[in-house]
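Novice: Output the structure for:
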Amino acid sequence: MRTIITLLFICCSLSLWAQQPAGQYVVMVSLDGFRADYPEKFQAKNLLKIAKEGVRVQRMIPSNPTKTFPNHYSIVTGLYPDHHGLIGNAFYAPDLGKSYQVRDRKSVENGDFYGGEPIWNTARKAGLQTASYFWVGSEAQINKMQPQKWKKYNEKANFEVRIDSVISWLKLPHKERPRLITLYYHEPDKSGHHFGPDSPEVAEQVKYVDEQIGNLYKKLMQLPIADSINLIVLSDHGMRAISEEKQIILEDYIKEEWVQGIYGSNPVYTINAVEDKKDSIYKSLREVLHLKVYKRGKASCRWKVGKHIRTGDFFIVGEPGWSVFPSHKENRKFGGTHGYLNNDKQMHALFVAKGPAFKNGYTKRTIRNIDVYNLVAKILEIQPALNDGKYRRVRKMLKKNAR
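Specialist: Below you'll find the model as predicted:
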């Protein structure tokens with residue numbers, strides 16, 4: 001009798017899973033600063049395995065400026081920073097009369113800074129459950145919405161803890177279970193800044209995050225819904241080595257009294273000028289070797305940057321390998337950085353994916369990170385909001401029955 005009851009319980013449990021509405025899941029993981037060539041450079045075996053068995057984009061092109069916050073938000077909105085308004089890790093927003101700083105909790109949690117519609121809002125509008133374990137914008141009420149489950153950022157939360165939370169969410173009852181989960185980890189970016197992209201420290205962090213991606217994938221495949229889970233692993237930008245020999249100090253060329261504010265970090269900034277000193281600043285900076293200077297709205301269309309009102313009067317960026325600092329007082333560190341224009345291949349980012357929606361063993365040369373929004377919307381079968389991405393650039397990555 002006990003055997004019969006046990007068999008009935010198992011059959012009923014399996015029946016419950018089988019009866020649940022069809023629908024695929026997306027788990028999207030960002031490894032900050034994971035350059036496109038790191039899998040081969042450091043032999044990241046788990047990422048290479050996912051790439052071999054699933055889909056690999058050789059180089060995902062980030063948006064300008066190639067900084068962390070603008071690009072994470074571009075990934076989940078499909079919009080260029082010029083269109084979603086998060087134009088840097090730090091900037092002044094004259095439309096709000098406030099400054100944005102990544103380390104300022106008030107600004108990070110203020111939904112007024114964030115334009116566009118993040119993918120979790122799109123999913124919620126379609127009636128789906130969503131969750132985020134750290135992602136730019138997830139801590140803010142954007143259009144009075146955010147993921148149903150989210151975490152306040154805490155760098156000290158190790159990768160294993162984050163992964164365990166993701167798995168626990170996917171074990172929830174069907175009505176509570178997120179169909180979309182975003183997960184962020186701050187390495188190898190942190191080590192890349194301190195030690196440079198060619199350092200043993202970055203090699204060690206790549207090995208660690210690769211092991212954790214293997215750990216995550218293994219745990220995902222042990223779930224009853226494993227056949228419905230699509231894993232996407234990507235990054236926001238790459239990393240370039242810098243040295244003390246190549247640096248530009250802005251105060252050597254422009255006077256302090258000419259400037260209302262300089263916002264950003266090496267090697268890219270926006271400048272708000274004193275009204276009658278705009279010409280003086282432009283004339284001085286355009287003569288500086290290895291520095292590109294654009295008046296607001298005057299950057300080439302190819303860069304898709306520098307038109308938003310939050311750009312201030314000027315958008316400036318160093319040439320690849322050159323550091324830019326506002327003053328000699330700045331705490332200048334030399335190891336690695338990012339922020340260069342996105343035609344620099346060392347700014348290009350990781351993208352690998354595997355799951356029932358993706359082809360097996362498919363490689364694509366490039367996509368833009370603004371294309372990811374449409375890709376995820378398609379897998380989840382939800383209607384995307386207006387965005388800058390092109391579904392045609394990612395369409396062939398999916399199996400025909402998923403298109």
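
Novice: I'd like to know how many residues surround Tyr208.
Specialist: By the measure other Cβ atoms under 10 Å, the count of residues near Tyr208 is 16. C-beta: built from backbone N, CA, C; applies to glycine.

Novice: How about it, nearest residue that isn't a chain neighbour?
Specialist: Nearest residue to Tyr208, sequence neighbours excluded (Cβ to Cβ, 6 or more residues apart in numbering): Glu187, at 7.0 Å.

Novice: I'd say that neighbour and Val209 touch.
Specialist: Yes: here Glu187 reaches Val209: they are 5.8 Å apart, a contact under Cβ atoms under 8 Å.

Novice: which parts of stretch 278-291 are buried?
Specialist: 278, 281-282, 284-285, 288, 291 (16 or more other Cβ atoms under 10 Å).

Novice: quick check, distance from it to the centre of its chain.
Specialist: Relative to its parent chain, stretch 278-291 has a centroid offset of 32 Å by Cα atoms, centre = their mean, to the nearest Å.

Novice: Need the distance between the two termini of it.
Specialist: One end of stretch 278-291 to the other measures 17 Å (Cα to Cα, to the nearest Å).

Novice: Over to stretch 53-69?
Specialist: Chord length of stretch 53-69, first to last residue, is 30 Å (Cα to Cα).

Novice: With just CA atoms, put the longest helix seen in the chain into PDB.
Specialist: Looking across the chain with DSSP state H, the single longest helix is helix 200-221. Output of helix 200-221 as PDB, limited to C-alpha atoms (Å, rounded to 0.1, in the frame of the first residue of the first chain):
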ATOM      1  CA  PRO A 200      47.100  37.200 -13.200                       C
ATOM      2  CA  GLU A 201      44.400  38.700 -10.900                       C
ATOM      3  CA  VAL A 202      42.000  39.100 -13.900                       C
ATOM      4  CA  ALA A 203      42.900  35.500 -15.000                       C
ATOM      5  CA  GLU A 204      42.000  34.300 -11.500                       C
ATOM      6  CA  GLN A 205      38.700  36.200 -11.500                       C
ATOM      7  CA  VAL A 206      37.800  34.900 -14.900                       C
ATOM      8  CA  LYS A 207      38.400  31.400 -13.700                       C
ATOM      9  CA  TYR A 208      36.200  32.000 -10.600                       C
ATOM     10  CA  VAL A 209      33.200  33.500 -12.500                       C
ATOM     11  CA  ASP A 210      33.500  30.700 -15.100                       C
ATOM     12  CA  GLU A 211      33.400  28.100 -12.300                       C
ATOM     13  CA  GLN A 212      30.300  29.800 -10.900                       C
ATOM     14  CA  ILE A 213      28.600  29.900 -14.300                       C
ATOM     15  CA  GLY A 214      29.200  26.200 -14.500                       C
ATOM     16  CA  ASN A 215      27.700  25.800 -11.000                       C
ATOM     17  CA  LEU A 216      24.700  27.900 -12.100                       C
ATOM     18  CA  TYR A 217      24.100  25.900 -15.200                       C
ATOM     19  CA  LYS A 218      24.400  22.600 -13.400                       C
ATOM     20  CA  LYS A 219      21.800  23.700 -10.800                       C
ATOM     21  CA  LEU A 220      19.500  25.000 -13.500                       C
ATOM     22  CA  MET A 221      19.600  21.600 -15.300                       C
END
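
Novice: Sheet-wise, list the partners of the helix or strand following it with their directions.
Specialist: Using DSSP states H and E, the helix or strand that directly follows helix 200-221 along the chain is strand 229-234. Applying DSSP bridges to the sheet, strand 229-234 is found paired with strand 25-31 (parallel), strand 349-354 (antiparallel).
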